[in-house]
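A.B. asks: model this:
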Amino acid sequence: MSDFLIPAAYAQTAGGSGGASGLMSFLPFVAVFAIMYFLLIRPQQQRQKQLKTELKALRRGDRVVTAGGIVGVVQRTKEESSEVEVEIAPNVRVMVLRDTISTVLTSSAKPAGD
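C.D. replies: Numbering: from 1, shown residues only. Sure, this is the predicted structure:
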């Protein structure tokens with residue numbers, strides 16, 4: 001049975017430019033990875049880096065959205081702490097972790113659009 005498969009294996013590699021055709025068949029995979037990197041992976045990394053700097057710069061008065069979809073206003077932060085006090089309704093304050101804040105809507109450091 002193994003003698004039957006040997007000629008098929010030789011037939012697959014019996015091309016004059018076997019190495020070049022192998023490289024050309026690998027090229028589409030490299031192109032797809034490059035496209036995925038520049039269209040999906042790199043922008044996501046930049047967004048994560050921007051969110052990380054925004055979370056470090058959180059101040060009182062910033063409007064934020066938590067991962068659960070709750071919109072609130074930052075009332076108190078501590079530099080060394082991972083907790084932030086957020087007011088989600090009048091006189092209703094909750095403590096949330098910085099990591100659970102998914103978006104900073106408006107920042108007190110920059111003016112809210114004119």
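A.B. asks: and the one residue sitting closest to the centre of the chain, what does it touch?
C.D. replies: Taking Cα atoms, centre = their mean, the centroid of the chain lies closest to residue 44, which sits 3.5 Å from it. For residue 44, the contact set (Cβ atoms under 8 Å, 6 or more residues apart in numbering) is empty. The C-beta positions use only the backbone N, C-alpha and C, and glycine is treated the same way.
A.B. asks: What residues of the helix or strand where it lies count as buried?
C.D. replies: In the assignment (DSSP states H and E), residue 44 maps to helix 42-56. Using 16 or more other Cβ atoms under 10 Å as the test for burial, helix 42-56 gives 54, 55.
A.B. asks: after it comes which helix or strand?
C.D. replies: Heading C-terminal from helix 42-56 (DSSP H and E), you reach strand 63-66.
A.B. asks: what's the offset of that following strand from the middle of its chain?
C.D. replies: Here strand 63-66 is found 18 Å from its chain centre; the criterion is Cα atoms, centre = their mean, to the nearest Å.
A.B. asks: neighbouring strands for it, and are they parallel or not?
C.D. replies: The pairing partners recorded for strand 63-66 under DSSP bridges are strand 71-77 (antiparallel), strand 101-106 (antiparallel).
A.B. asks: Could you tell me which residues within the first one count as buried?
C.D. replies: This points to strand 71-77. Under 16+ other Cβ under 10 Å, the buried positions of strand 71-77 are 72, 73, 74, 77.
A.B. asks: how many other residues sit next to the nearest residue to the second one once chain neighbours are set aside?
C.D. replies: Spelled out, it's residue 73. Among residues not flanking residue 73 along the chain, residue 87 sits closest, at 5.0 Å (Cβ to Cβ, 6 or more residues apart in numbering). As a burial measure, residue 87 scores 14 neighbours (other Cβ atoms under 10 Å).
A.B. asks: Lovely, talk soon.
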